[in-house]
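Trainee: curious how this folds, go ahead:
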Amino acid sequence: YLYTHASIECNNDDICIEKYREGSRCLHVDNGFNGMTGVCTNPYESGCLRNYLGSDTFPTLRTCNSDDPPDAALQGICTESPSKYDEIRILSQGWGSSMFS
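Mentor: Numbers count the residues shown, from 1 in each chain. As a prediction, the model looks like this:
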């Protein structure tokens with residue numbers, strides 16, 4: 001299944017590079033209806049700063065979270081939390097209000 005909420009359909013890598021940037025590719029996945037669908041991969045899934053600045057400038061991967069696939073650390077997308085902390089998300093609202101979830 002897909003791990004994105006807003007996938008871009010494609011039939012070749014050029015479309016993905018045009019819509020996202022260099023590093024995105026067209027991944028053909030089973031669409032669940034007896035066929036394959038092309039979907040652009042997210043070139044930022046290992047972290048925006050790391051992708052934009054490069055691994056020499058920003059060498060660490062981001063920490064895995066609940067939106068990642070179960071084997072994300074093995075795929076090299078992110079790293080497991082060394083302290084095994086519970087995930088906390090802070091949704092910023094206006095300047096004076098935030099909400100924990």
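
Trainee: residues of the helix or strand where residue 18 lies that come out buried?
Mentor: For residue 18, the element it lies in under DSSP states H and E is helix 13-19. By 16 or more other C-beta atoms under 10 Å, the buried positions in helix 13-19 come out as 13, 15, 16, 17. Where you see a C-beta, it was placed from the backbone N, CA and C, and this is true even at glycine.

Trainee: from the chain's centre, how far out does it sit?
Mentor: 16 Å (C-alpha atoms, centre = their mean, to the nearest Å).

Trainee: check stretch 52-68 too.
Mentor: That offset, for stretch 52-68, works out to 10 Å (C-alpha atoms, centre = their mean).

Trainee: buried sites along that stretch?
Mentor: Neighbour count says stretch 52-68 has 58, 61, 62, 63, 64, 68 buried, by 16+ other C-beta under 10 Å.

Trainee: can you redo those as JSON lines with distance to residue 85, pLDDT and secondary structure?
Mentor: Listed next are the buried residues of stretch 52-68 as JSON lines, based on distance: C-beta to C-beta, whole Å; pLDDT from 0 to 100; DSSP: H, G, I helix; E, B strand; the rest coil:
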{"residue": "58", "distance to residue 85": "22", "pLDDT": "80", "secondary structure": "coil"}
{"residue": "61", "distance to residue 85": "16", "pLDDT": "84", "secondary structure": "coil"}
{"residue": "62", "distance to residue 85": "14", "pLDDT": "86", "secondary structure": "coil"}
{"residue": "63", "distance to residue 85": "9", "pLDDT": "86", "secondary structure": "strand"}
{"residue": "64", "distance to residue 85": "11", "pLDDT": "86", "secondary structure": "coil"}
{"residue": "68", "distance to residue 85": "15", "pLDDT": "81", "secondary structure": "coil"}
